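K.L.:
Here you go, sequence then predicted model.
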Amino acid sequence: MQANYSEKEIISLLQKVQIFNRSIGSYEMFAINNSFDYVIKLSNGTIYFKVSELKDDENGTISPETLNQISQRFSNGSNQQQNQNSQQNQQQANHNQNINSQSRSSVNVVVQKQRGFSFGRFLLGFIGIVALIIVVLIIAAVVVVGRMPFF
């Protein structure tokens with residue numbers, strides 16, 4: 001699977017994952033490892049995303065369960081806080097599982113693909129407007145010619 005994701009897509013997925021684990025810090029930079037996973041350096045540790053997860057996020061098909069699994073991959077940067085962080089992650093995971101088991105409809109994650117400027121869409125819209133104007137002018141010409149007497 002060939003993919004090339006930028007900071008924009010990575011930050012978008014990171015923001016959704018942060019909903020499930022509030023201890024995840026802010027984005028600093030990313031790199032691609034030997035397994036072709038996107039490893040993200042955060043202000044307080046690291047986390048990684050698989051290409052398939054970024055693709056699902058881009059398509060708007062990523063599930064809350066997947067986001068929860070990704071959030072559990074967060075590893076805190078300091079060794080002293082590692083055990084505490086593991087306990088917090090486990091508590092957060094248990095909390096999220098309780099929420100999911102109580103009511104699936106209560107966990108609503110809005111996943112929207114943000115669309116930027118597309119020259120192709122602009123061109124199609126412009127051609128459509130021009131075609132509509134031409135049709136209106138033709139109809140107006142037929143109406144005007146129909147009212148004029150011919151000799």
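P.N.:
Arrived safely, thanks for sending.

K.L.:
Restricting the selection to alpha carbons, write stretch 67-78 to PDB.
P.N.:
Output in PDB follows, covering the C-alpha atoms of stretch 67-78 (Å, rounded to 0.1, in the frame of the first residue of the first chain):
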ATOM      1  CA  LEU A  67      -9.400   5.300  17.900                       C
ATOM      2  CA  ASN A  68      -9.400   3.800  21.400                       C
ATOM      3  CA  GLN A  69      -6.900   1.100  20.400                       C
ATOM      4  CA  ILE A  70      -4.700   3.800  18.900                       C
ATOM      5  CA  SER A  71      -4.900   5.900  22.100                       C
ATOM      6  CA  GLN A  72      -3.500   2.900  24.100                       C
ATOM      7  CA  ARG A  73      -0.300   2.900  22.000                       C
ATOM      8  CA  PHE A  74       0.800   6.200  23.600                       C
ATOM      9  CA  SER A  75       4.100   5.900  25.400                       C
ATOM     10  CA  ASN A  76       5.200   8.600  27.700                       C
ATOM     11  CA  GLY A  77       8.600  10.100  27.200                       C
ATOM     12  CA  SER A  78       9.800   9.900  30.800                       C
END
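
K.L.:
and the longest helix anywhere in the chain, what does it pack onto?
P.N.:
In terms of residue count, the longest helix belonging to the chain (DSSP state H) is helix 119-147. Using 3 or more Cβ pairs under 8 Å, 6 or more residues apart in numbering; DSSP states H and E, no helix or strand is in contact with helix 119-147. In this view, the C-beta of every residue, glycine as well, is placed from N, C-alpha and C.

K.L.:
Now do the buried residues in it.
P.N.:
Buried residues in helix 119-147, counting neighbours by 16 or more other Cβ atoms under 10 Å, are absent.

K.L.:
And for stretch 9-24?
P.N.:
So for stretch 9-24, counting by 16+ other Cβ under 10 Å, buried means 9-10, 12-14, 16-18, 20-21, 23-24.

K.L.:
Can you lay out the residues you listed as a markdown table showing distance to Lys50 and pLDDT?
P.N.:
As requested, those are exported to a markdown table (distance: Cβ to Cβ, whole Å; pLDDT from 0 to 100):
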| residue | distance to Lys50 | pLDDT |
| --- | --- | --- |
| Glu9 | 13 | 91 |
| Ile10 | 12 | 92 |
| Ser12 | 15 | 92 |
| Leu13 | 10 | 94 |
| Leu14 | 14 | 94 |
| Lys16 | 15 | 93 |
| Val17 | 12 | 94 |
| Gln18 | 18 | 93 |
| Phe20 | 16 | 92 |
| Asn21 | 17 | 92 |
| Ser23 | 21 | 92 |
| Ile24 | 17 | 93 |
